[in-house]
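A.B. asks: below are the sequence and a predicted model; questions follow.
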Amino acid sequence: MKNHINHTIKEIQHYLPSQMTLKDFIHHNSLHPFQKYSFYEGIFRASKLFGYKVTLQLGEFRELFALNRIKEKTLERIIIERKGKGQVQTWLQKLLVQEYDELISSRIGHLRQNWKDAYKLDMDSLIHPTLFRLITSYLDQGISVWEFLRSNDGFLESIRVLDQNSLLSIFKTQTGRALLQDKDITIEQLLKKIVGDESYYEQYLFDLCFSHRGWSGLVGVIEDSPNILLLKRNVSLHDFILTELLMELDLLEYKLKDRWKPLALSAKSSALAIIAETPETELDDVLRIWQDAFEWSYYDDIIYGIQENFKNNSNQISNKKFQAVFCIDERECSLRRHVESVIPQSETFGAPGFFGVEFYFLQQGAKFKDKLCPAPVTPKYLIRENANEQGVHKDIMFSKKSFGFLGSIVSTVGLGLVSIYKLFQILFFPKMSASISDAFSHMDAESELLIECKNPDERIDGLQLGFTIEEMTLRVSNFLKGIGLVNNFSDLIYIIAHGSSSANNPHHGAHDCGACSGRPGSVNSRVFCFMVNHKEVRAALQSNGINIPDHVQFVPAMHDTASDQIRFFDEKNLTAKNVTAHQENKSQLEMALDLNAKERSRRFASIDITADIKKVRQAILDRSVSLFEPRPELGHGTNSMAIIGRRTMTRGLFLDRRAFLNSYDYTIDREGKILANVMAPIGVVCGGINLEYYFSRVDNVKLGCGTKLPHNVVGLVGVTNSSDGDLRPGLPWQMIEPHDPVRLLVIVEHFPEVVHKVIQTTDAMYEWYKNEWVHIVAKNPETNEFFYFKDEEFKLYYNRNKWYGDNR
Amino acid sequence: MHLIIILAIILPILGFGINLFFKNHQEKQIALVSNVINFTLIGLSITSAILWLTGNQKDYSIYLFSLYKSHNFDFAATFYYDKLTMVYSLVASILLFMVSVFSKTYMHRESGYKRFYIHFQAFVIGLRVLIFSGNFEMFILGWEIIGISSFLLISFYRDRFLPVKNAMKVLSFYRISDTALFAGIWFCHHLFHKNISFIDLNTVDYSLPNSHYIEGLTIGILVVLAASIKCAQFPFSSWLPRALEGPTVSSAIFYGSLSLHVGLFLLLRTFPIWENIDIIKILIGVIGLLTAIVSYYISTVQSTTKTQLAYASITQVGLMFIEIALGWHTIALVHFALHAFYRTYQFLVSPSSLSYLIHDQFLHYDANKKSAFSFLPKKLRYSLYTFSIMEGYLDRFWFYQIWRRFKKLGVLFNVFRYRMWQWVFALIFILSVVFQHIYPIEFFTSHEYVPYFFSFIALILILLAWTERKSALNSWINIVLSQLFFMDGIVHQGSVNLIQIVIYLTGVISAAVIGGWALKRVISLENNIDLNSFHGHIYEHKKLGMTFLLCSLILIGFPISPTFLGLDLLFSEIEKENTITLIISALVFIFLELASIRIYARVFLGLHVKPYHEVAFKSS
């Protein structure tokens, strides 16, 4: 039985949200547990089991159709594909006219509802506030002045010790207190008392955990990876459930005394298996067709555009002024286009923004280290910062003194005076301050980074201090080959990381670089440039077939995607000749940034885009430091494709900031060996981002975290809506609002058979494509034909250019 | 000066009116109106302050017009200006303007943009009226508007469960406070045999002769009760953290700064009444001290930004209570003003705390730092911690010890729940009217227990309505009947004239009929609606919801309705000796609002029962 309970808990944990604490915002598929099914099967199953809304509403699709955003021809094609030629009229009628019952139901909560039905007892309302307060205080990373009196043996044990030593109790009855102190008490025993009948246990536990899926989910995540917290906390879902059951029993004893019986006796139906097969409905089919038609109405245009664009682009740029490597992030897509249009003799590349160097970073004077690489990677290296002075980071307005007692009067009065000034300042003259999360403050620009490993045996926390020449060479060589930059180097090559500054934004991590675990990538770009500029590394690279001339210099930089500013680092290392060129490039990049800001501004209703471009730029900059601005930028909103290939496919093409662009040159990798590395993060990172936006958009209040405006920061681990509410995982409404929920379309420039082989490298990677959680298309680089992957094979993509002529 | 003060009242009403005509998407216009009005109010506040300071600094009073006048009662629109008005008006106008500007962008594209500004401007009106009020009638007008706009902003996210639940919770506290204030005013009427204006209060000697010591004391206690609840003082503190459900901006302005300090204003305003009663001063001091200590400890253990700020604010207000008790009024005013600015700022930047404090931990965390209060003996430390983490057990206390007892009382009268009884009661009411006014019968007009009987029926009916779980319509009918009996009970008391009754009845009957119609309409569209849970029908029936809310407000005597005037008049007619009637009336008065707003909340607010669209989880 004990095993059975543990098994159930494991299963529950699997289905709970797995979002980390907000400090490490890692995008992931919100319905990850269903990824083993094909997309539609998975989402409709999730909907019927847990009550999520998983597509747009029927009415919304019909509206899109009326706007011609879903095209009639595409719709008809999808119907033919799915239902056969003769069925078009029947299904059009269903899709466009027929009324369906769209009520979404859930299998969760039916059993525990009986407390209310039979005993008029709203268990959750009475227990949640206390339970949440306890777990928040226990996990708290630095809000409270008086920390939870925790003991080392975990959450439950801490409550036990607290209760033991206190004259007052969290519990209401002596029975409850006594049970708490019984160290041998098990979940099973408690269920026996509360529920009674074994067959209901599983359902009861599901009901219990999912009545506050936010907290249950976070507890599970911390149990699995305790290192995500700065201050370690020992929690487990098991303890959390046990605590709640104890509180339930206590409440029953207190409120109903002897007037209650185990819940199984008042259950109206027999036990319901939560995870079970779900019936398919016609509505599912209708939504499926709509979603497909919505996606393809868009994809068709994209593929057509790329096909045409490729024909017009020549491969060679002569007399290059500079090259620049950006993150694959779709927010850089527009900036790259503007850079190339302002400076035609420039060439840009895209690569995951950690630039192939994975490490922990220890800021000068910091007590903790930051992981700067994709979430699944565990680095073995530590990079330390050596700055002249410790970064000053203090804002008296956050002083905890005002929470004191008598002294608080003095600080209240003093800071009250300051606040009058501050309030005016934040309203009318917004500027950067310590309370705003500044992407550039992650690292001191003037500091020295200790990158080269002098002694491989010297370690801190088991981490090697820096990289050896050999390790550097390997990383640089892999990186350059990955993006196909192995010859034709220009004198200056910019490595441009990105981060995002925003004010009053607990979700700021979601705007930073996903390849750096939700942090700005400035350190990575400096580390990479140090490596590639290193004489010994260059020498070693030669033996790898990469010959970088001595006068070529790599320059680290970072782009703030919210304020649209670029700052360069280590400029002092530039040679005299390069300095002149660099100054000129800088002023031209400014123009590109102006244009980029202008392009972005069209999505912000509050900016007058007809104004002078410098004014628009200033308005964009102001957003990033305005405390009253809930949309400093729109993050990954509208992302919809990932393009892996040479820039010639996309150069000059307007992709509307919707494409992740990863540079890759098939000509140096005919067998796809490098491609396997390039493709490894596409599903999990780009697909993860895409699906998180998808689900937060289609059900913003269940899978997203709703509007930001009432959010309350709890324990520095997450946000809730109020003092008594559950933790809210997912993305806020302000981020997903302009997002169209379409799946990611991955376009790879390589032969279909190579791509097919590559995506099968690991099962985890293959699952994304096989189950259609992302679409993938291979572009034959020689014939310019496209192949769409469906039912585990690449099939020639029917060129629908013919009907583009008469397309409305 | 005259003009400035009148403008300061009229402008926000104007702004409120104008904004009613805009559509939700006309954000620029809505915000512009609010910003311009609130900016002008700063100008007016500063001008009046300069005029007053450079003038003779004498208290200034305006008698505008009288709504209703009788031999000893004058319901008049009067306004008043003194140092207290000046400080509150200055602080309020600056903060309101700032929050109005902040919200312009902050609320951008929120589906309730217009609703937010409407509620916000209603609050501005309420606050203006309250600050400038020249007598208790005006004061309570402002007080009530603040209360209801508070309720509406807490339940701003009306499609979720917790905001609605907590808004109801806060409303129940506010209602006790309102009732205490009403009762206090009633005592005043009877003590001084007229309704007093604040100018008289400060100029005429109102120190009480010893023979009226008890009355004076009662007034004092009632005023202190009303103020303590509004200021979330001990033991009423637990409502404040639960009120933080609205957008951050509204939390800032209501619970960080202005609304929370309204109780202090009441204390300072009524100071002349209790200045010579030491017990009251001690009471204020003790409440303040207890609050400051208790909420100080509670605030230290809070692990969420907003609740931490909430309890820290309560602590400061507690300290202000002490200052007032000690007679340091100027210090209290300065303390209030700066505290209001400080908390507004802190609330507004509270979402920043995540990145700021994480960064702070990165740079300054000290693993060896001693935990707070580690010097206390273990047993004491652990007990104190438990006490604090349980928020002083206050929420539990109010739920189990107070409200649940009334619920049980309501359940006690379950026999009267049959429809039949409503007919019986209606009949009794008609008979009572007939035999009292049309064909007067001795027994009805003079028997001393008759009024008690009617008041008691009113109480039973309202408790039934408040605990009704099945039919919303039943509950509504009971409320209306209760309201009628309530009046009946009072009318018996004294020499009420016909005009008063007519004024009152117009309000009640029209509201009852229209409200009943709106409810019936929703019920027929959505089948039976029980009151066992929330239904969220506002999603589909916005207009019906609004109609019903307005009707409820009129029915319960919200201070814009004829019912209010009638109620106020009637109240003043209760004889002083009739303490029992007064107590019963007060209870009826509390539950009238709770029961009718409860219907509104359960039928129209909360999670929508038809989840074909996005509906939040109950716990979120």
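C.D. replies: Nice, I can see it.
A.B. asks: and for A:S525, the neighbour number?
C.D. replies: Using other C-beta atoms under 10 Å in any protein chain shown, A:S525 is surrounded by 30 other residues. The C-beta positions use only the backbone N, C-alpha and C, and glycine is treated the same way.
A.B. asks: list the contacts for it?
C.D. replies: By C-beta atoms under 8 Å, 6 or more residues apart in numbering or on different chains, A:S525 lies in contact with A:355, A:495-497, A:556-558, A:569.
A.B. asks: got TSV for these, with neighbour count too?
C.D. replies: Output for these, formatted as TSV (neighbours: other C-beta atoms under 10 Å in any protein chain shown):
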residue	neighbour count
A:F355	30
A:I495	27
A:I496	28
A:A497	32
A:P556	28
A:A557	24
A:M558	29
A:F569	23
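A.B. asks: which of the residues you listed sits closest to chain B?
C.D. replies: Nearest to chain B among the contacts of A:S525 is A:M558, at 17.4 Å by C-beta to the nearest C-beta.
A.B. asks: could you pull up phi and psi at the closest one?
C.D. replies: Phi and psi for A:M558, reported as degrees, to the nearest 10, are phi -140, psi 140.
A.B. asks: wait, it touches A:Y494, no?
C.D. replies: No - at 10.4 Å, A:M558 does not count as touching A:Y494 under the criterion of C-beta atoms under 8 Å.
A.B. asks: show me where the stretch 601-750 of chain A has its strands.
C.D. replies: A:641-645, A:659-663, A:712-714, A:718-720, A:745-749 (DSSP state E, counting those that start in this stretch).
A.B. asks: quick one, which of the ones you listed is nearest to B:N35?
C.D. replies: Closest to B:N35 of the strands of the stretch 601-750 of chain A is strand A:712-714 (C-beta to C-beta; 26.9 Å).
A.B. asks: which secondary structure elements does the closest one contact?
C.D. replies: Secondary-structure packing of strand A:712-714 (3 or more C-beta pairs under 8 Å, 6 or more residues apart in numbering or on different chains; DSSP states H and E): strand A:718-720, helix B:305-325.
A.B. asks: can you give me how far the longest one is from the chain middle?
C.D. replies: Spelled out, it's helix B:305-325. Here helix B:305-325 is found 19 Å from its chain centre; the criterion is C-alpha atoms, centre = their mean, to the nearest Å.
A.B. asks: what of stretch A:745-762?
C.D. replies: In terms of C-alpha atoms, centre = their mean, the centre of stretch A:745-762 is found 24 Å from the chain centre.
A.B. asks: what residues of it count as buried?
C.D. replies: Across stretch A:745-762, burial judged by 16 or more other C-beta atoms under 10 Å in any protein chain shown covers A:745-752, A:754-756, A:758-759.
A.B. asks: and which of the residues you listed is nearest chain B?
C.D. replies: Taking the buried residues of stretch A:745-762 together and measuring to chain B by C-beta to the nearest C-beta, the closest member is A:L745, at 25.9 Å.
A.B. asks: tilt between the helix or strand containing B:Y385 and helix B:305-325?
C.D. replies: Using DSSP states H and E, B:Y385 maps to helix B:378-389. Counting by axes from the mean of the first three to the mean of the last three C-alpha atoms, to 10 degrees, helix B:378-389 points 100 degrees away from the direction of helix B:305-325.
A.B. asks: what does helix B:378-389 rub up against?
C.D. replies: Residues contacting helix B:378-389 (C-beta under 8 Å, 6+ apart): A:133-134, A:137, A:146, A:148-149, A:162-163, A:165-170, B:297-298, B:300-301, B:373-374, B:376, B:393.
A.B. asks: what do you get for stretch A:108-120?
C.D. replies: Outside stretch A:108-120, the residues touching it (C-beta under 8 Å, 6+ apart) are A:49-51, A:121-124, A:200, A:203-204, A:206-208, A:210-211, A:256, A:259-260, A:263, A:266-269, A:271-272, A:274, B:533.
A.B. asks: just the buried members of those residues?
C.D. replies: If we count by 16+ other C-beta under 10 Å, the contacts of stretch A:108-120 have these buried: A:49-51, A:121, A:123-124, A:200, A:203-204, A:206-208, A:210-211, A:260, A:263, A:267, A:271-272, A:274.
A.B. asks: contacts with chain B among the residues you listed, please.
C.D. replies: With C-beta under 8 Å from any C-beta of the partner chain as the criterion, the buried ones among the contacts of stretch A:108-120 include A:51, A:124, A:211 near chain B.
A.B. asks: what parts of the stretch 701-808 of chain A come near chain B?
C.D. replies: For the stretch 701-808 of chain A, the residues found near chain B under the criterion C-beta under 8 Å from any C-beta are A:701-702, A:706-716, A:719-726, A:728, A:737.
A.B. asks: buried ones in the helix or strand hosting B:A292, by neighbour count?
C.D. replies: Here B:A292 sits within helix B:278-301, counting by DSSP H and E. The neighbour-count check on helix B:278-301 (16+ other C-beta under 10 Å) flags B:280-281, B:283-285, B:287-289, B:291-292, B:294-301 as buried.
A.B. asks: hmm, back to that, among the ones next to chain B among the buried ones among the contacts of stretch A:108-120, which are in helices?
C.D. replies: A:D124 (DSSP state H).
A.B. asks: tell me the one of the ones next to chain B among the buried ones among the contacts of stretch A:108-120 nearest B:K83?
C.D. replies: Out of these, the member with the shortest distance to B:K83 (by C-beta to C-beta) is A:D124, at 49.6 Å.
A.B. asks: now the closest one: how far from B:S620?
C.D. replies: Distance of A:D124 to B:S620, computed by C-beta to C-beta, to the nearest Å: 12 Å.
A.B. asks: how about A:G635?
C.D. replies: For A:G635, the distance to B:S620 equals 22 Å [C-beta to C-beta].
A.B. asks: more crowded one of the two?
C.D. replies: In this view A:G635 and B:S620 are compared by other C-beta under 10 Å, and A:G635 has more residues nearby, 29 against 22.
A.B. asks: count of neighbours near the residue lying closest to B:Q57 once chain neighbours are set aside?
C.D. replies: Nearest residue to B:Q57, sequence neighbours excluded (C-beta to C-beta, 6 or more residues apart in numbering or on different chains): B:K83, at 7.8 Å. Neighbour count for B:K83, taken as other C-beta under 10 Å: 16.
A.B. asks: equivalent analysis for A:K535, please.
C.D. replies: There are 9 residues near A:K535, going by other C-beta under 10 Å.
A.B. asks: tell me the pLDDT of it.
C.D. replies: For A:K535, the pLDDT comes out at 94.
A.B. asks: ditto for the one 5 residues further on
C.D. replies: pLDDT, A:A540: 95.
A.B. asks: contacts only, for the residue nearest to it when sequence neighbours are not counted.
C.D. replies: Spatial nearest neighbour of A:A540, chain neighbours left out: A:T473 (4.1 Å); criterion: C-beta to C-beta, 6+ apart. Residues near A:T473 by C-beta under 8 Å, 6+ apart: A:531, A:537, A:540-541, A:544.
A.B. asks: cheers, nothing more for now.
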